[in-house]
Structures are given as C-alpha cells and as structure tokens.
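> Mind folding the following:
(2 chains)
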Amino acid sequence: MKINKTATSRLSLGRLKKAALLGVAIAGLGLASASQAQDVEVPGNIKWTIPFGVGGGTDVWARFFSPWLSESLPGEPTIMIDNVPGGGSINGANLFSVRAKSDGSDWLGTSASTQYPAMLDDPRVRYDYSDWTPILATPTGGVVYAQPSLGETADSAMDALLAQPVKLAAQNPTGVELPVLIALDMLGADVQAVFGMRSRGEGRLAFERGEADIDFQTTSAYLSNVEPLVEAGKAVPLFSLGVLNDEGKIVRDPAFPDLPTFNEVYQARHGEAPSGNAYEAFRKFFASGYALQKLIMVPKDTPQGLVDTYRQAARDFVHTDAFKKAADAQLGPYTPVIGDTVQRHLDDAMSIDDATRDWLADWLQKEHGAKI
Amino acid sequence: MLDIFLSSLGHLFTLPHLLFMVLGVLVGLVVGIIPGLGGIAGMSLLLPFLYGMDQTVALGMLMGLVAVIPTGDTFASVLLGIPGSSASQATVIDGFSLAKRGQAARALSSAFLSSMIGGLIGAVVLTGFILIARPLVLSFSSSELFMLTLLGLSMVAVLSGRDLFKGLAACGLGLLVGAIGMAPATGEFRMNFGLDYLYDGLPLVVVGLGVFALPEIVDLLVKRGSIAEEPCNLGEGWRQGIRDVREQRGLVARCAAIGSLIGTIPGLAGSVVDWLTYGHAVQSAKDKSQFGKGDIRGVIAPESANNACACGAMVPTLLFGVPGSGTAAVFLGGLLLLGLQPGVGMIETHLDLTYTIIWSLALANILGAALCLILARPVSRLTQVPFATLAPLITVLIMFAAFQATRSTGDLLALGAVGVLGVLFKQANWSRPAFLIGFVLAPGAEGYFYQAVQFQGASAFMRPGVLIIGAMILAALFIPMLWSLWLKRRQAASGGAEASAKVEPPTLGYIDIVLFVALLGTAVVAWLNVADLTLIGGIMPKLAIAILAVSCLLEIARCLILRPQWQPQAFGLQGLWLFGFFALVGAMLLLGFITAATLFCFVFLLTIARLKTWVAAVMALGVTAFLVGMAEFLTLTYPSGLLDPLLFG
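Coordinates of the predicted model:
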C-alpha cells in the first residue's frame, strides 16, 4: 500500500485530516490519507527492539502499544517485540545502533535507564541519540513522600526532613532517582541514599518496613501502592516532580493537582525560583527520565515520509476514548507526546553543557561517592 | 468470605478457564523440559496473546505455566544432569546419580509426586496466609534477609562433609565469581577486565550448566556406555518412587512448608530454598553416606520445596508488586498488561481474583505432575540409550540453553570456561554445590549486609529475627559436630581404644595441586583488580578472596602436616573433550550456530556413535529444525557466522 504525505499539508489540514482519518478507521478500510509528495511503503514486519527483559516496565509498555500502533498503521504491519536485555538496556541499544535498518522496519523502545548513561558519557555507551528520530514519548510523574513520624502534614514533615539526616532507598547513584536526589539536595535535605535496590518496588518495601524515612515512586506505582498508605496514615506526600508542558515549563502534574511541584516547594522555602547548575542538572534529567520517560525511536536515515506516517498513526489513536480508557491503567492520566515536540524536548534534555556536567560529577563524588 | 471463595471456585471451573489453564500447563511443560528456557521464556511466549484477554481466563493460562515449570525441568536434571532452571540445581546432585544407578524412573516418580504434594501444601498455606501476610513480609528487614543468605551459605559446611576446607575454598571462589559486575552499594564495576560481557556478572544459567552439565557429559563420554550404569527395571522403579514419597511424608511436609514460607520473602525465594531444604534433608538423615551418590531424599526435599516456593512467591508479587523470582517478575508484567495493579488492592478489591490465582496454581500443579508421572516411565528409557548417541544432542541443547542467558556469544565462551572449572572440580572431588551456593548467594549476602548496616547501624544485629536465624545457623553448624563427638565418646567408653577416632588422611592428586595453584593465582589477580575500589564497593570481593586463599592455604597445610593419601586423578581424555567443546564454539562463531551445530551432530553421530548414515542425517536435521523453530518462536538471533545467513536467512 502506498502512503503519501507532506509536512505542510499535515500542518494546515491537521484537524480536518484527523477527523477524516478517524472516519476511515471506523469504516474499517484501514486506509490512511492520501496526498502527493514522496512514496513510502510501510514494511509488513516491524521489529521493535526492547533493550529490557520480558515483563519489565518497558516491555509491558511496548506490548501495550503495539496493537494500537499496528491497527492504526496502513496495512496493519506485524509488530514483533525483540527483547535484548543486559547492561541495564545499554547492550540492546548498542546492538540497535549497529544493526538497525533504516527502512522503517526497525524500532527501538528506550527508557530513562537508556537515556541517563548516554547523558553521563558512560564508557559502555556506543549509541547516540542524535542518530535516532523520536516517534512518540510517554511521560510519567513521580511523588516524594515521607514517614508520618517526621510530621503529620507535608509542611511539618518537610521541616523535620530538613532538620535531620534522612534515609532513602535507591537503586544506584545514576539511576532513575537521580533528579529526586538532586531536588532534595537543593532543598537542603541531608539525604543518606542506601543503594543496591533492584527496583523502585524494593525501595518502597524498605519504606514500608520503616527502614527508609522518605521514598519516591513514579505515578502508576504511587497510585496503586502508596495512595492506600497515605489513606491509612502511613505516608505523607511531600511534593511531585511535576510535568513538562509544551513550552518546556514544569507545571503541576494532572495526576496530583493538589500536590505542589518541587519548583513550588523550592520557591516557598527559598523565596526564589530554583536556578544554577544544580537546577539545570535536575531539569535535564527530569526531562529525559520523566517527561520523556519512554520513547519510540527509529534510525535517523528512515525516510521522512515513513516517520510522518508513524507519527500520524500515533496521533490517530492517542486521542480516542478507547485508548484513553485503556491507557489510564498503563500510563496514568498522561497523553503521549508525538513528533516534533518530542524532538525539541529531547534535544534540549540530552545536551548538557560542561559546567553542569562538571557540577554533577563533583556532586556525585562528594555526596554519594560515585565516579562518572 | 464464603461468597468470595465460591465466586473464585466458580471462575476456576468454567470451561474457558480450564481450557486455557491446560494450554498454559502444556506450554509450561514443554518449556520446562527444554533446559534453559524456564519460566521467563514461557511467559514471553504467552504475553503477546495476553493484552485484551479476559482477566480470569488469562490468569488461568499464566498460572498453568507458572505452576508446572519447576515440575517439568526435573526431567532434564534427573535424566541428563542438566539443571533446567535455578529451581532444580539441588535436584541434579542426587537425581542424576540415581539415574546413573539405573533408578531414573524411581527418582522421577518420587520427584513428581513430591512436587504435586508440595504445590498443594503451598496453595493451602497460601489460602490462609495471604490475608495476614503483609505484616509478616514487612517484618523481614534487610538484616533478617542477610541472615537468611548466611543460613544458605552455612549449608556449604553441611554439604562438604570431610573436605571442609576444599568446600570453603569452592564457596569462596563462588562468592568471588558472584561479585563480578556492579557493586550494589556504589555502582562501581568490579573484575570485568574490560569485557562488556562481564558488566552484568556471569548469568546463573550459564554457571549452573557449566558446573553440573558439562562435566557430566565429558565424564560420560570418557566412560562410554549409557547413562544408567546398572541394569534397570523401570516399572518397579516407578512404584518404588511412589513408595519413597510415602515413607518420607514428614520430609515432604516440612520442605513444602519451608518452601512456601521462604518463597513469600521478596528477594530470596528460589535461590536459597533449594539448598536449604537439601541441607535439611542431609542433616535430618541418620545415614548420610548416600547423599551425592543417589539418595532419594536428596530429590524429594528440593522438589517438594520448589513448587511450594512458586506458590509462596506469589505473595510479594501480588501484595507489594515486588516479584519474588524471575518467573514472578514476568508474571507481574502479565498482570500489568491485564490492567491489574498489584498492591493492597489485590486483597481488598480483587480478593476473588487472588484466590483464582492461588487455586489455579494448585489445580495446574496436580495436572502437570500427573502428566509428568505418566511420562516418567517411558522417558526414563533415555538413560538406557548409548550415551554417544545422546551426547551431541545434549551438547547442542545446553549450548542453546546457555545462549538464552544473555543471547550473546559470551554465553558460550563462559559456559566453556566454567565447564573447565567444573571438570577439574569433579575429577578432584571438590564440592561443586559449594561453589554454586557461593555464587548464587553472593549478591544477596553483599547487598543485604550493606543495606542492613546503612539502614540500621549496629542495632541491625540485635533484632530478635536476626538472633533467631543466627541461632539456627549455629545449630546447623555445631549440633551435628557435637552429636558425632558425643557418639564417639560413648563408643570410646564402651568399645575401648580401637573405636577411638582415627583421623582420616586427606587425599591429594595432580588436579588438586593444579587447583591450589590456579585458585591462589586467581586470588592474587582478583586482589590486584579490586584493590583500588572504595571500601564498601570492595569489601565483598576482598572477603571472598580471603576465604578462598585462607581455605586453600589451610588445606595445603593439612596436606603437609598429615601425610596425604596419593590419589590418581585423570584429566587427559577429559581435557581432550573440553578442547573439542571449544573447537565447536569456534566453529559456531566461524560458520554460524545452526550450521555448525548440524554438522557437529552429523559428524559426531556418524564417527563416534557409529550410527547409520541416514539415522545420523535425520537426527542432525532434527537439530536444525529445533534451532530454526526456536529462533522463530522466541525471536532469537544466533551467532550468524559465514554460512548461516546464506542457508537460513
């Protein structure tokens, strides 16, 4: 099946076309729109490399998305998920950067633990995000919460938190907790991170056992496992990380409209908005690890027409009610980000200037005894 | 409560639920029987069909699979000496020894029966326990978990018997190998020697296969003949196995209880349960002489524990969203795909589904074990086939299994390297289980020790739970020793001087000397590698090196003081076969995995097993079909080499 598409027609006719597409999809023809410009064919088989093990967060995410993507792509290609675990996703991404064909038949699913080592110049990383083009990104949020023994309300718990050393169970110094550790440090908390957890879930267990004083969970785990604790008076939520809006500003998380963001708490405590190298590092790692937590990427040389087709297919379903309903359980109340917005945010997040990197290396060494 | 029970029973016995459960059981058996696949591969076969399925039906299918994996993998461990998954490593020791004594049918039938009973006990325990499990699971903090890993490690002393120092040295080496990779406390990388493959540490499957399976293959090739060295009566053995379980019903019940309770503790589960129950069987036996040589209790204990453990592992998975084992981790992914968020909600709002899960486990256990029991007799005939015919197939099978670990060529090379160690250990009679226990428990011991100290400081070791487990460790170590001392004293008092303890001289051979040199050399190299690490990042490997070096030196000292008994230890032929193995790996890298495996089988069957040309050809083509089919099912990419891309796309 031939698909024709141009960027300009998409921009000007965006809404109209979406409606038309929906109608077409409902009619069951499985045809996308047609206009002029170059001819590109969607491959019959798409191999979607997931650099994580079966059943892990990113794997489940990909398995959730693949039927939706397949059904809204012209010709309903078969999307085959290829798990290549190892090295905390570095191995799979390295292999993809060597092996992937740029005819649109190779996709990669990445996560925060693929983005972070690249940003930190890990010697094992042999991939480069500038070699890839993003199709879609799904954001997540996160909440920091404390033991009620620190204080019954968010304010008093925060006061106690700043007055004494507190323990937090984390995976490793450069893991997904990195922006949280930076944020707490900026607030002035003396956080003693205990590393070696194999998942955020183990960190939560340590909190529930009373071993950790504060903890942090991403949205879906927070909603299912921490909210009951909050209701039972066994945890006090302090702040959320917020979400990135289209302009790249951090705003309140739609999942937690009543919780202040880190930025708000900082503003209230210090009388000014957060800034400096530390905030720059926080913002970048927050953006790449949370605002763009999981990404669908294709090699840069993939024909633009195909990239547009893939992005359009994603746009076609993410706003349907059926998808929103299904996604609520899998992704939380967030809408996937598609296309150029992702590219813009990604470019911003992945580029770290030398001053920030130096600050970060120094901070990791000083606070957590870790070398990067 | 009763209405919830009834509603879950209603779900359980609907036709679609039962049908899909049977499907799960069948997939689970096939996947369990093929070594190296196990629960994770099985789950990945089923996951693609999961999204959009009805919840209870899909759960039935998943549970069918989860339940029978620790049952199916017993075939490979007993008949071929291949530890199919981490849940069957202890079974190999006595199960395969029994098979070699011509009692494969007996070992299998008692393994399956105790699996079934263990699984049932696990489900019964779980039915009540899941309601009150939350506080209990939370009472196990990092310090208690650390003590449990110590309890597991103390089994080394129980298993090594007379050669205590050799056992400790083996365990030290295991701890050292287990410390390869990222330090949990600091994120530093240790002992990877610049190899990408070692950044994650060695995979358990590869180490298990290298330590147990490869040496047995080499040994059998050297000896020739079939696996069963003695004539066997399958029918009588089968009935004998059933009787064994009846006689050992106390052991079955105890091990199942241990299994289901340890299974509920997140983070440990399968890895210690096997060895704890095996150690328990050894300790509680009056006559210990047959363990390791084919004692049926060495099969019954771990087998009744591991199915119960699979049940228990559902507790942390369902209640906390923290998987207790590798299979449970994939199962967790399945739950998420079905739109079920594990957590307190599984008790408060989805209790009927939780019970459907638990009872599906029980039902699938019965079904799976019954199928295996029926299969046990005919499949045991494999042990009567001349081994040369089986050898190439098994070799390809374990290479395929090892390759599943990380799907890189490093797996094959690591298999060979660990295999060399395994052969040396086997020929010199060093404890291979001790090595494996050290390896399996190293990350847990280190991680939990560090966490306990960080979280709780010195008070970590004054907690009541810690003291209780500490007392159990001391009891495990010293009660047998005191008991034998007391026995000896009584004998000495009644029987006079000739019964007084005669110190048995240590044995020594060429391989022992090679091992001493190699292990001390390893200790030096490893020490140089970890010397620069930070204190907390390097303490574990340094401790392991100390255990390794001191035990080696003590054993050497023992040999110097007590005149050792010289023992001939052959290695020539074994070394030749090992060389052949590496040549095969080389051929696979050069020509491609499938091509080399096919050619190897054909040539081996023709020249060494001396089969007719057409038989050899058919079998070799069967290997090709298996590998190609598996690649299709599991989206595998084998090492391609020069010829594979041309022949197989």
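> What residues does the stretch 251-372 of chain A have near chain B?
Within the stretch 251-372 of chain A, the positions lying close to chain B (Cβ under 8 Å from any Cβ of the partner chain) are A:326, A:329-330, A:369-371. From N, CA and C alone the C-beta is placed, and that goes for glycine too.
> Go through those residues and name the one nearest chain B.
Of all these, chain B sits closest to residue A:329, with 4.4 Å by Cβ to the nearest Cβ.
> Return the residues of the stretch 1-150 of chain A in contact with chain B.
A:47, A:53-56, A:59-60, A:63-64, A:67, A:80-87, A:91, A:124.
> filter those to the buried ones?
Those of those that meet the buried threshold are A:47, A:53-56, A:59-60, A:63-64, A:67, A:81-87, A:91, by 16 or more other Cβ atoms under 10 Å in any protein chain shown.
> now, which of these lie within strands?
Counted as lying in strands by DSSP state E, out of those, are A:47, A:81-83.
> export those to TSV and tack on pLDDT and distance to residue B:618?
As requested, those are arranged in TSV below (pLDDT from 0 to 100; distance: Cβ to Cβ, whole Å):
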residue	pLDDT	distance to residue B:618
A:47	93	33
A:81	89	35
A:82	87	32
A:83	86	33
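> from the residues you listed, which two are the most distant?
A:47 and A:83 (11.2 Å; Cβ to Cβ).
> Need the residues touching each of those two.
Common neighbours of residue A:47 and residue A:83 are listed as residue B:635 (criterion: Cβ atoms under 8 Å, 6 or more residues apart in numbering or on different chains).
> what bits of the chain have low per-residue confidence?
Let's take chain A. A:1-39 (pLDDT under 70).
> please go with chain B instead
If you take pLDDT under 70 as the line, chain B has these spans: B:36, B:84-87, B:161, B:267-271, B:495-504, B:649.
> Quick one: end-to-end distance for stretch A:85-105.
Distance across stretch A:85-105, first residue to last, is 20 Å (Cα to Cα, to the nearest Å).
> Ok, stretch B:309-321 next?
Per Cα to Cα, stretch B:309-321 runs 17 Å from first to last residue.
> Determine if any part of that stretch is in contact with chain A.
Yes. Using Cβ under 8 Å from any Cβ, stretch B:309-321 reaches chain A at B:320-321.
> coming back round to it: among the residues of the stretch 1-150 of chain A next to chain B, name the ones in helices.
A:59-60, A:63-64, A:67, A:91 (DSSP state H).
> who's in contact with the residue of the stretch 251-400 of chain B found nearest chain A?
Nearest residue of the stretch 251-400 of chain B to chain A, counting by Cβ to the nearest Cβ: residue B:333, 2.8 Å away. By Cβ under 8 Å, 6+ apart, the residues touching residue B:333 are A:54-56, A:59-60, B:43, B:47.
> Residue A:203 too?
A:168-171, A:177, A:197, A:212, A:215-216.
> That one sits in which helix or strand?
helix A:200-208 (DSSP states H and E).
> Could you check how many residues crowd around residue B:23?
Using other Cβ atoms under 10 Å in any protein chain shown, residue B:23 has 16 neighbouring residues.
> The closest residue to chain A within the stretch 1-150 of chain B: which element?
Closest residue of the stretch 1-150 of chain B to chain A, Cβ to the nearest Cβ: residue B:44 (4.0 Å). Assigned by DSSP H and E, residue B:44 belongs to helix B:38-46.
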